[in-house]
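K.L.:
Build the 3D model from these lines:
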Amino acid sequence: MTTTTKPAAPLAATAPRRVGPVALGLRQGRLEITQFLRSRESVVFTMGFPVIMILIFASIFNNEIAPGVSYTQYFITGMIATGLMTVSFQNLGIWIPIERDRGVLKRYRGTPMPKWVYFAGKVIMVVAIGVVETVLLLAVSAAFFDLDLPATAGRWLTFAWVAVLGVTACTLCGIAISSLARTARSGSAVVTPLALVLQFISGVFFVFTELPTWMQQVAALFPLKWMCQGLRSVFLPDGFGAQEAGGSFELGRVALVLGAWCVIGLLLCLTTFRWTTRRDG
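P.N.:
You can find the predicted model right below:
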């Protein structure tokens with residue numbers, strides 16, 4: 001009796017599993033965060049600088065700037081705004097030129113990966129580091145300098161939308177200004193002086209209304225001043241709004257200006273961003 005054996009069926013070709021857009025963005029974000037944490041200089045400067053400043057200035061100036069308003073209570077608003085600007089505007093404005101000069105962006109451009117994934121990774125990194133940095137600032141200030149945290153949900157909501165609009169504007173402006181740097185080394189020279197000047201004229205280190213009028217007018221053209229003002233409405237008593245340059249915290253104008261800078265930053269990104277250096281054409 002003859003037994004016939006059926007030939008084995010060919011193995012089905014395994015189709016490559018598609019990665020969804022959300023997973024792509026999260027993978028790129030995890031990569032960006034890992035690269036950030038591996039750069040000790042970036043970690044120390046971006047996350048350590050605001051904490052060091054709050055420790056120094058709050059220890060030296062422990063007086064009240066208004067009845068019931070300590071210097072720390074005022075200063076924390078500027079440090080949070082500065083920290084958010086540093087991790088977004090300053091960090092991106094320095095590191096994107098480095099990646100462009102090393103050919104990283106050129107290689108990204110040549111892969112099948114959608115271009116938006118690169119920017120999604122940057123945004124995820126900015127948000128993650130910004131949240132950690134802000135929590136660290138609040139914890140240090142509350143533990144060592146008796147910072148009064150916002151006591152109502154409304155104030156925390158204001159904190160959230162000011163931070164979101166501010167980070168969005170600074171992130172887009174950081175991506176846009178990265179195209180001004182001709183080489184990897186020039187990124188810091190372009191961005192850092194501008195960031196420092198804005199800190200000094202925007203009410204970060206000093207009470208804003210005590211600055212010369214012309215400085216106040218120049219600062220009002222940029223997002224950092226409005227981020228600080230919006231955050232002051234969160235951490236300072238309502239009555240302090242009368243001491244602002246406009247006679248109140250002007251939250252409507254804060255939202256309008258920060259929203260306008262989001263649009264301006266987006267337009268600048270779309271029209272100026274470069275994937276290659278000028279020498280590459």
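
K.L.:
Quick one: list the elements packing against the host helix or strand of residue 59.
P.N.:
Using DSSP states H and E, residue 59 sits in helix 49-60. Applying 3 or more C-beta pairs under 8 Å, 6 or more residues apart in numbering; DSSP states H and E, we find helix 49-60 packed against helix 71-85, helix 115-145. The C-beta positions use only the backbone N, C-alpha and C, and glycine is treated the same way.

K.L.:
Without its sequence neighbours, what residue ends up closest to residue 156?
P.N.:
Setting aside the residues directly before and after it, residue 156 is nearest to residue 150 in space (C-beta to C-beta, 6 or more residues apart in numbering), at 5.3 Å.

K.L.:
still on that earlier bit, nearest to residue 256, out of the helices and strands packed on helix 49-60?
P.N.:
Set against residue 256 and scored by C-beta to C-beta, these come closest in helix 71-85, at 17.3 Å.

K.L.:
which residues make contact with the helix holding residue 59 from outside it?
P.N.:
71-72, 75-76, 79-80, 82-83, 86, 133, 136-137, 140-141, 144-145, 205 (C-beta atoms under 8 Å, 6 or more residues apart in numbering).

K.L.:
hmm, 10 Å instead?
P.N.:
The contact list for helix 49-60 (C-beta atoms under 10 Å, 6 or more residues apart in numbering) reads 44-45, 70-73, 75-76, 78-87, 90, 133-134, 136-141, 144-147, 199, 204-205.

K.L.:
Filter these down to the buried ones and hand me the ChimeraX line.
P.N.:
Those of those that count as buried under 16 or more other C-beta atoms under 10 Å are selected in ChimeraX with:
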select :45,70,71,72,73,75,76,78,79,80,81,82,83,84,85,86,87,90,133,134,136,137,138,140,141,145,147,199,204
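
K.L.:
and residue 65, what helix or strand is that in?
P.N.:
strand 64-66.

K.L.:
center of this protein, which residue is that?
P.N.:
residue 88 (2.8 Å; C-alpha atoms, centre = their mean).

K.L.:
what's the distance between the residue nearest to residue 90 when sequence neighbours are not counted and residue 153?
P.N.:
Excluding the flanking residues, the one nearest residue 90 by C-beta to C-beta, 6+ apart is residue 195, at 4.8 Å. In this view, residue 195 and residue 153 are 32 Å apart by C-beta to C-beta, to the nearest Å.

K.L.:
nearest spatial neighbour of residue 98, skipping sequence neighbours?
P.N.:
Leaving aside its sequence neighbours, residue 98 sits nearest to residue 184 (C-beta to C-beta, 6+ apart; 4.3 Å).

K.L.:
Tell me the confidence at that neighbour?
P.N.:
Residue 184 is assigned a pLDDT of 77 by the prediction.

K.L.:
What of residue 17?
P.N.:
The predicted local confidence for residue 17 is 64.

K.L.:
circling back to that earlier point, surely the residue nearest to the centre of the chain meets residue 165?
P.N.:
No. Residue 88 lies out of contact with residue 165 (C-beta atoms under 10 Å); the separation is 11.8 Å.

K.L.:
ok so, going back, show me the contacts for the residue nearest to the centre of the chain.
P.N.:
By C-beta under 10 Å, 6+ apart, residue 88 lies in contact with 46, 122-123, 125-127, 129-130, 166-175.
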